[in-house]
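Peer 1: The following comprises the amino acid sequence and a computationally predicted model.
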Amino acid sequence: MRRSITLIILSLILTGLALAQEKSQDSKPAATEAMPAVDQILDKYVKALGGKAAIEKLTSRTAKGTFEIAAMNATGSFEAYAKAPNKSAIIIDIPGFGTIKEGYDGSVAWAMDPMNGLREKKGLELAAAKLDAEFHQDIKLKELYPKMEVKGKEKVGEREVYVIIATPAEGNPEKMYFDAETGLLVRKDMERESPQGQMPVEVYLEDYRELDGVKVPHTLRQNTPMFSMTIKFEEVKHNLSIDDAKFAKPATQ
């Protein structure tokens, strides 16, 4: 299906190029819109979130809510925990399947589910876990992604966005889509390692709400070739005390 769509799109592009060549003598090239610099986009993003000082005041975050995988008629509860500087954990409870847990304690990344049991992440999967766990990632993007370049302007839904290709020190490049009007990050495309190999993932960040002086997305939509999942947070709290045991790899049973 995807290959057929790609071929159709390719044929349309080639047709468009042919028509453009036929009309080139009678038309003037369209003016190219000047793109803002990477620093301008990132600065606007941090300001849109609430500013660097407000972000730095936060040291932990807990979030609880629900998730839905419509195609599988699956729903359940979702919990996320994060603690500065770089600890994170999630707990997903799926009725009829069991509980999925993942965590990063600052050095060790792990995952546990009813099918695969407990395993430790290595290589690029570990690098991705470390990157995702950076609590103050929003104000450290240029540090975490040494290579960043603006690739143009696109649309996410009805919103115009600036697209930045961001390459981390270790791992594959990611595409970040920043709303041209609000400055907020509204989509992120990446490839993530999994037990089944590399998997492309699209993450849409929606329903930003201000909490403790910082805007936080309360709805996440995640699309993969295997399924689409929507996560809605019903409760988000900052600066609570979180026991480090929450992030530690469970003892082998």
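Peer 2: All right, it came through fine.
Peer 1: Run through the strands of the protein in chain order.
Peer 2: 60-69, 74-83, 87-94, 98-104, 109-113, 117-120, 147-156, 159-167, 174-179, 185-194, 197-211, 214-223, 228-238 (DSSP state E).
Peer 1: which secondary element of this protein has the worst mean pLDDT?
Peer 2: helix 2-23 (a mean of 31; mean pLDDT, DSSP states H and E).
Peer 1: Format the strands of the chain as JSON lines; extra columns: distance to Gln40.
Peer 2: All C-beta atoms are positioned from the backbone trio N, CA, C, and that covers glycine. JSON lines is the format used below for these (distance: least, Cβ to Cβ, whole Å):
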{"stretch": "strand 60-69", "distance to Gln40": "27"}
{"stretch": "strand 74-83", "distance to Gln40": "28"}
{"stretch": "strand 87-94", "distance to Gln40": "29"}
{"stretch": "strand 98-104", "distance to Gln40": "32"}
{"stretch": "strand 109-113", "distance to Gln40": "34"}
{"stretch": "strand 117-120", "distance to Gln40": "40"}
{"stretch": "strand 147-156", "distance to Gln40": "9"}
{"stretch": "strand 159-167", "distance to Gln40": "9"}
{"stretch": "strand 174-179", "distance to Gln40": "10"}
{"stretch": "strand 185-194", "distance to Gln40": "15"}
{"stretch": "strand 197-211", "distance to Gln40": "20"}
{"stretch": "strand 214-223", "distance to Gln40": "19"}
{"stretch": "strand 228-238", "distance to Gln40": "28"}
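Peer 1: tell me, which of the ones you listed is the model least confident about?
Peer 2: Lowest mean pLDDT within the strands of the chain: strand 185-194, at a mean of 91.
Peer 1: Can you get me a residue count around Asp43?
Peer 2: By other Cβ atoms under 10 Å, 14 other residues sit near Asp43.
Peer 1: what sits against it?
Peer 2: By Cβ atoms under 8 Å, 6 or more residues apart in numbering, no residues touch Asp43.
Peer 1: Quick check: pLDDT value at it.
Peer 2: Note on Asp43: pLDDT of 98.
Peer 1: distance of it from Gly51?
Peer 2: Applying Cβ to Cβ, to the nearest Å, the value for Asp43 to Gly51 is 10 Å.
Peer 1: Now do the contacts for Asp39.
Peer 2: Lys142.
Peer 1: What's the separation between it and Met148?
Peer 2: According to Cβ to Cβ, Asp39 and Met148 sit 9 Å apart.
Peer 1: what sits in contact with each of those two?
Peer 2: Counting by Cβ under 8 Å, 6+ apart, the common neighbours of Asp39 and Met148 are Lys142.
Peer 1: List the residues that contact Met226.
Peer 2: Met199.
Peer 1: at 10 Å what do you get?
Peer 2: Counting by Cβ atoms under 10 Å, 6 or more residues apart in numbering, Met226 touches Ile69, Ala71, Met72, Ser194, Gln196, Met199.
Peer 1: Which of these has the largest number of neighbours?
Peer 2: Top of the contacts of Met226 by neighbour count (other Cβ under 10 Å): Ile69, with 16 neighbours.
Peer 1: residues contacting it?
Peer 2: Residues in contact with Ile69 (Cβ under 10 Å, 6+ apart) are Thr75, Gly76, Ile94, Gln222, Met226, Phe227, Ser228, Met229, Thr230.
Peer 1: how about a cut-off of 6 Å?
Peer 2: With contact set as Cβ atoms under 6 Å, 6 or more residues apart in numbering, Ile69 has these partners: Phe227, Met229.
Peer 1: Show me how far stretch 39-48 is from its chain's centre.
Peer 2: Stretch 39-48 has its average C-alpha position 17 Å from the chain's average C-alpha position, going by Cα atoms, centre = their mean, to the nearest Å.
Peer 1: Just the buried residues of that stretch, please?
Peer 2: Ile41, Leu42, Lys44, Tyr45, Val46, Ala48 (16 or more other Cβ atoms under 10 Å).
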